[in-house]
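Colleague: let me see the structure of the following:
(chains A and B)
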Amino acid sequence: MKINDSVQYRNFYSMGTRIDIILPGIDDHIAESVCLQIKSELDRIEEKISHYKESSVVSYLNQKAHTEPIKTDPEIFLLINQLIGLSARTSGYFDFGLGFLSENMKHASETYHVVHDTMTTLSEIGARNIVLDHDENSVLFKSDKLKIDSGGFGKGYGLDTVKKILKALKIESAFISFGESSILALGDHPYGKSWKTGIQDIFSETSSLFVFTLANEALSVSGVNPKNKQKYGVGHIINPHKGIAIDCFRQSAVAGNNGLIAEVVSTAILCAPDESRHLIMEQFPEYRAIVIDYDQTNKPTITYTCNLNDGENY
Amino acid sequence: MERIINRRDFVKTFSILAGSSVLLSGMPWIRGLQAADSDRVVRLGMIGMGSRGMLLHLILKDIPNLEISCFCDDYQPHFERAQQALGPAARGYYDYRDMLDKETIDAVVIATPLHEHAHQTIDALNAGIHVFCEKAMAKTVEDCDDMVRAWLDSGKILYIGQQRIFNIKYLKAYQMIKEGKLGPITQIRAYWHRNNDWRRPVPSPELERKINWRLYNDYSLGLMTELACHHIQIANQIYDEVPECVWGTGSINYWKDGREVFDNVNLVYKYPGGSHLIYDSLISNKHYGLEVQVQGPKGTMELENGKMWEEFPPPAPGILSLINHLEKQLFDVVPIGGASWVPDDAISRKGDWIMDKVLDDDGTRIQMESFVSDVRKNRVDPFLTKQGFYGSIATLIGHEAMINNEITYWPKGLAL
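Modeller: As a prediction, the model looks like this:
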């Protein structure tokens, strides 16, 4: 779809979400070709990393890696290695190995807190219980309860992949959205400098609570909003230190160069207590962050900011 | 989410659907079913009490002010089973002509093997009796044509058992298609796959053809008349046309057990304007089950499954705002993650349900209610007879194309 003579728009579903692509400064024919390449690559990644797909590499690991070391696809091995490192750098407040808990939460949200001995389970699962053999490219899980949940990193990894494709094709300006929770903004808006991206109130469609100015950067928004609380009875994000879902309304947003890191850090600072957020952000000095909390009357307050650029405001 | 709804919810949903101008103009039977019924008792006879006849009886017996006063079946086990089910008050016959002569009835329901449909329907209509006849209409184009001529002469009601016309899921899909949700329909793919020999147990060898009539050319055209005609009728209805021609091939490639009808068929129907129905059916693999896939430039629907995929899904709310700004050449904030934002897993390539909830009925129940209601009101609906007629003719020329191994055209001058 052509928005006007200078801007193209496409969208499609991939990686379990809606991908929206705005491409200024190229013609219809090139936009079609670019988007086909992006879709093809995202579908390929989804086939490998989605824990919802039975045939994916991640699903295979979830089924088998507790029985013996599994020699693994090099791309996924490198990704898991990177995620283990990121989990450590966030003091474990990002953990992609809690799939067992999130599945149980979705299927039995009402009884979850009662049924499981959470702390015992937590000690058996999570990134720290994944063993990598770099000589063999193999992955071993120390427990049969350990399951990778790709929901916490897939879109970020996808964003970085899209960025590589656009760079290779010499596309200098683009705005890419993965379900409006992960954004990649390249170059400039067709009618202004950079891309101004606002974080909205989860309870109203009023003006943005905070505006990031994105220049060749990714932005990740994590949060517990009324819709997913309604769906699961609790929030859908699990605090890795406590093993329970975050039960209050809260949003976090992180901007920076790398989409995967932005997604990881936004999840981590959403889960971490106030005193731990600075420690996490010290590990990622190039990234900017905010946290928005909602009080009993659903009034939003920005309760945490870090490394914001001049001019970024609320 | 619970997707099967109860009867009360269904009536509510149906009422909402029935308010659609698209449906009302395309399907007059809906207006007929909505109109108030009198409480006049309808007297009905049933011809054919095999598995389909018994199923129809189970539905009919729950319809108020309907009396099944007589039945007919020339196979003793079916006769006895029917007598037991209908009770001693229902008079049983072995010959349908006896029944038509002796009984005073408003309508008959015919659920006999295909080769019986034409003469039974024509005799009933000539006797001034409304007819519901199971699909397919008949075994030859000539028989179908004779049936509609008898119908036109009689002024009576003739329903052919194409129950998907009455399936609420199909109705909703039809409404959306006519409203342009998929764009102009450029292709329909349909298939019906099973994995069994399609046989019924035979108590003694001389009854083989009587029991397994679907497998023999004298009684049936197999997969085409027993299964395909459902999906072919739907294709006609969606295109709002009959096919110009059809080509195809069929064979017996697995169940080589003495049967005469094909155990697999593959056909392409061409409609005016160059759109097609691609159809296949087999009974040696059930992996894909059955489906009708309707395709247009804006999306795809799977009618059996009740799902839809948009080619171009609507933009997320924040992206829509960005597009609006760009159209006006404005540089403004892109708002993301707001109250109308839907969490990621709410939509996916798994598609969207055409209806949030469905009734556990393939349309047969509403079809029978509609028939009884029309009989009570003496309301003749040409739309339904046309759909049965055209669906059956298209089915029969498909069979002809496979048998003669040549492109077969719609019979010249054949129209209602």
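Colleague: looking at it, A:Val264 is touching A:Phe94, isn't it?
Modeller: Yes. Counting by CB atoms under 8 Å, A:Val264 touches A:Phe94, with 4.6 Å between them. In this view, the C-beta of every residue, glycine as well, is placed from N, C-alpha and C.
Colleague: what do the two both touch?
Modeller: With contacts defined as CB atoms under 8 Å, 6 or more residues apart in numbering or on different chains, the residues shared by A:Val264 and A:Phe94 are A:Leu86, A:Ser87, A:Gly152.
Colleague: what sits against the last one?
Modeller: If I follow you right, that is A:Gly152. Contacts of A:Gly152 by CB under 8 Å, 6+ apart are A:Phe94, A:Phe96, A:Glu263, A:Val264, A:Thr267.
Colleague: redo that, cut-off 6 Å
Modeller: A:Phe96, A:Thr267 (CB atoms under 6 Å, 6 or more residues apart in numbering or on different chains).
Colleague: cool, the first one as well?
Modeller: With contact taken as CB under 6 Å, 6+ apart, A:Leu86 is in contact with A:Val264.
Colleague: could you look up the SS state of it?
Modeller: Three-state assignment for A:Leu86 (DSSP: H, G, I helix; E, B strand; the rest coil): helix.
Colleague: how about the one 5 residues further on?
Modeller: With three-state DSSP as the basis, the three-state label of A:Ser91 is coil.
Colleague: measure it to chain B for me?
Modeller: 25 Å (CB to the nearest CB, to the nearest Å).
Colleague: per-residue confidence at that residue?
Modeller: For A:Ser91, the pLDDT comes out at 95.
Colleague: what about it, neighbour count?
Modeller: Using other CB atoms under 10 Å in any protein chain shown, A:Ser91 has 15 neighbouring residues.
Colleague: next: the one 3 residues further on.
Modeller: Neighbourhood size, A:Phe94 [other CB under 10 Å]: 28.
Colleague: try A:Cys248
Modeller: With other CB under 10 Å as criterion, A:Cys248 counts 11.
Colleague: tell me which helix or strand it sits in.
Modeller: A:Cys248 belongs to no helix or strand when assigned by DSSP states H and E.
Colleague: how much space is there between it and A:Leu101?
Modeller: 18 Å (CB to CB, to the nearest Å).
Colleague: contacting residues for B:Thr112?
Modeller: B:Ile47, B:Gly48.
Colleague: show me where pLDDT drops low in chain A?
Modeller: For chain A, residues meeting the criterion pLDDT under 70 lie at A:1-2, A:5, A:105-116, A:228-235, A:313-314.
Colleague: roughly how far does the closest residue to B:Tyr254 other than its chain neighbours sit from B:Thr395?
Modeller: Once flanking residues are discounted, B:Tyr254 sits nearest to B:Ser284: 4.0 Å by CB to CB, 6 or more residues apart in numbering or on different chains. Per CB to CB, B:Ser284 is found 21 Å from B:Thr395.
Colleague: tell me which stretches of the stretch 201-314 of chain A form helices.
Modeller: A:226-232, A:259-271, A:274-282 (DSSP state H, counting those that start in this stretch).
Colleague: of the ones you listed, which is nearest chain B?
Modeller: Of all the helices of the stretch 201-314 of chain A, helix A:226-232 sits nearest to chain B, with 4.8 Å by CB to the nearest CB.
Colleague: what about B:Arg194, neighbour count?
Modeller: Close neighbours of B:Arg194, defined as other CB under 10 Å, add up to 17.
Colleague: state the distance from it to B:Thr121.
Modeller: The value you get for B:Arg194 to B:Thr121, if CB to CB is used, is 28 Å.
Colleague: over to A:His241?
Modeller: Where B:Thr121 is concerned, A:His241 sits at a distance of 75 Å (CB to CB).
Colleague: so the two - more neighbours on which side?
Modeller: B:Thr121 (29 against 16).
Colleague: got the contact list for that one?
Modeller: Contacts of B:Thr121 (CB under 6 Å, 6+ apart): B:Val131, B:Cys133, B:Met147.
Colleague: next, count neighbours for the residue nearest to the second one when sequence neighbours are not counted.
Modeller: In this structure, B:Cys133 finds its nearest non-sequential neighbour in B:Ile110, 4.3 Å apart by CB to CB, 6+ apart. Counted by other CB under 10 Å, the residues lying close to B:Ile110 total 24.
Colleague: bridging residues for B:Ile110?
Modeller: Counting by DSSP bridges, B:Ile110 forms beta bridges with B:Ile47, B:Cys133.
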